[in-house]
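S.K.: Generate coordinates for the sequence data below:
(one chain, ligands or ions: 2)
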Amino acid sequence: MRTSVRSRLERLTIRRRLAVGLVVLVAVVLAGVGFATARALEAFLLGQVDQQLAQTSDRVHLGPRPAVGDLRGQPLGTLGVLIGPAGAVEAAVLAVPAGETSPPPSLNEADKSELISASQQALRAPQTVDLSSGLGSYRVTADALPTGEILVTGLPLETVHKTVGRLLLVEVVVFAAALVVVGVLGAWLVRLGLRPLDRITVTARRVAALPLDRGQASLPDRVPVEAPSTEVGQVSEALNVMLGHVDSAFAARAASEQRLRRFVADASHELRTPLASIRGYAELFRRAPTADPDDLARAMRRVEGEADRMGELVEDLLLLARLDQGRPLERKQVDMALLAADAVSDAQAADVAHRWGLDVPAEPLLVCGDEHRLRQVLANLLSNARIHTPAGTSVRVGVWAEGPWAVLAVHDDGPGFPPHLMPRAFDRFTRADTARSRDRGGAGLGLAIVAAVVSAHGGQVTLTSVPGDTTMTVRLPRDGTPR
Ligand SMILES: Nc1ncnc2c1ncn2[C@@H]1O[C@H](COP(=O)(O)OP(=O)(O)OP(=O)(O)O)[C@@H](O)[C@H]1O
Ligand SMILES: [Mg+2]
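M.R.: Ligands and ions are numbered 1, 2, ... in the order given. Predicted coordinates:
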């Protein structure tokens, strides 16, 4: 039974539950108020009757001839009963309107014994008795007469009961009306208070209906927050924060998918050109196998060159993929000054058209990292300075310590980066030569590899470039610097 009421309550909407709860609560309070006021009024009225009764009994008692037969001047309905020393009712009289003679009240045996038994207690304090003969409830007091008789004087309680009954009736009507008003108003207020929940539901449903698995990458809906201090306001805010997170996660995923697609497209494009030329040479020699041996040697060199280029590209791509995966690097003490000196002397040997300069400290400048990769960083930067600047350009490589950093700067006074390229300089497959000709530079992965290696070492790389003044600055944490 209890569980069925409970489960039925649980199935009710919050709105109904709140409204029903409110009505039940108010009903309980009103019932308590009604009961208390009725009891208070009854006690007050009984007090008044008791006072009146004391005066009445005094008058009957102190009259010239205390006798039950004379109730003239007493309130209407006053009952006088004389109980003899033997404990039997000897006489009884009832006050009637003036002019009429008081008939003896028709007390039956039950009433008499009730009066007799109440009379003893009534000697001390007024008592209430119910007279079944039709006289109704009476409040009685008793006085012991010198003759040994007991004079019982009573006043009817009919008015008291009627007044209390009347009060109860009025209360029931007023309280019932109040309950209806509380129910209607309460339900309206609850509905008003919970209306924002509907908006949350609507928003959640709209978001649930979005085709998120099919490229929908933004959640336009947010719940309007009217009062952030309320519970519903807090739920709305929390939901909005969650939607914001989901939104930015989707945006990040879409951006990374976009990047990946471009990357794959660029990589395929880069591989397609050398593949096409290798295929072209192969086809040429299939069709004309007796060609000039010099032609054959030239063609084979070209094939080899294209295959090398493809091999380098694949190596670069693999390295970037490994760095993206966050694979651990080799960690050894590496002297950046030594690396820079080696790189500059390699560049000098490879290219005499540029002027090479080196500024390194006398003592070693140690960083902790992967020597092979760091050599690659230097090689990429110096090859850029060599390939993307005209002959005669002077290139200076500097290495120094700056607080916790080991700084490596490669400066050249060449024409500088094309301005439109600057923001994307470290992106993959970025290069000024959009025709992707083979004679200057490679695929555009050199600086992307520099950035990836440096960041894998916990460092930063920055670029400043104006015509005649281009500097690539790499900062790596010095050995012993906590990361
Ligand atoms: N020192 C420089 N002066 C002027 N432009 C430069 C310099 N270094 C790089 N650039 C420009 O930045 C682009 C990107 O360089 P990055 O090293 O990433 O690619 P790349 O040299 O073209 O090809 P890869 O290095 O993969 O062989 C270059 O194509 C070039 O236009
Ligand atoms: Mg390069």
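S.K.: what packs against the host helix or strand of A177?
M.R.: Per DSSP states H and E, A177 falls inside helix 158-209. When contacts are defined as 3 or more CB pairs under 8 Å, 6 or more residues apart in numbering; DSSP states H and E, helix 158-209 packs onto helix 14-62, strand 136-144, helix 231-287. The way it works is simple: take the backbone N, C-alpha and C, and place the C-beta from them, glycine included.
S.K.: Would you tell me which one of those is buried the most?
M.R.: strand 136-144 (a mean of 20; mean count of other CB atoms under 10 Å).
S.K.: next helix or strand past that one?
M.R.: strand 150-156.
S.K.: Distance from that following strand to the middle of the chain?
M.R.: Mean C-alpha position of strand 150-156 versus that of the full chain (CA atoms, centre = their mean, to the nearest Å) differs by 75 Å.
S.K.: Can you give me every residue that contacts the residue in the stretch 301-450 of the chain that ligand 2 sits nearest to?
M.R.: For the stretch 301-450 of the chain and ligand 2, the shortest gap (CB to the ion) falls at G446, measuring 2.7 Å. The contact partners of G446, by CB atoms under 8 Å, 6 or more residues apart in numbering, come to 380, 383-384.
S.K.: and with 6 Å instead?
M.R.: 380, 384 (CB atoms under 6 Å, 6 or more residues apart in numbering).
S.K.: Looking at the helices and strands packed on helix 158-209, which is nearest to ligand 1?
M.R.: Judged by CB to the nearest ligand atom, the one of the helices and strands packed on helix 158-209 that comes nearest to ligand 1 is helix 231-287, at 9.3 Å.
S.K.: Tell me which other helices or strands that closest one touches.
M.R.: The contact analysis (3 or more CB pairs under 6 Å, 6 or more residues apart in numbering; DSSP states H and E) places helix 231-287 against helix 158-209, helix 293-325.
S.K.: for the shortest one, the distance to its chain's centre please.
M.R.: For helix 293-325, the gap between its own C-alpha mean and the chain's C-alpha mean amounts to 56 Å (CA atoms, centre = their mean).
S.K.: And for stretch 182-191?
M.R.: The answer for stretch 182-191 is 27 Å, by CA atoms, centre = their mean.
S.K.: for ligand 2, what are the nearby residues on the stretch 351-483 of the chain?
M.R.: 384, 446 (CB under 5 Å from the ion).
S.K.: could you pull out the strands for the stretch 351-483 of the chain?
M.R.: 355-359, 366-369, 394-402, 405-412, 460-466, 469-477 (DSSP state E, counting those that start in this stretch).
S.K.: Quickly run through the sheet partners of the fifth one, with directions.
M.R.: By that I understand strand 460-466. strand 469-477 (antiparallel) (DSSP bridges).
S.K.: CA-only coordinates of the partner strand in CSV, if you can.
M.R.: Taking Å, rounded to 0.1, in the frame of the first residue of the first chain, the C-alpha atoms of strand 469-477 are listed here in CSV:
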residue,chain,number,x,y,z
ASP,A,469,67.4,41.0,-42.1
THR,A,470,66.0,37.6,-41.5
THR,A,471,66.6,35.7,-38.2
MET,A,472,65.4,32.3,-37.1
THR,A,473,65.7,32.0,-33.3
VAL,A,474,65.6,28.7,-31.6
ARG,A,475,65.4,28.5,-27.8
LEU,A,476,66.1,25.2,-26.1
PRO,A,477,66.0,24.6,-22.3
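S.K.: in it, what counts as buried?
M.R.: 470, 472-477 (16 or more other CB atoms under 10 Å).
S.K.: That one vs strand 394-402, what angle?
M.R.: Orientation of strand 469-477 against strand 394-402 (axes from the mean of the first three to the mean of the last three CA atoms, to 10 degrees) gives an angle of 30 degrees.
S.K.: what's the pLDDT at the residue of the stretch 301-450 of the chain closest to ligand 2?
M.R.: pLDDT recorded at G446 is 94.
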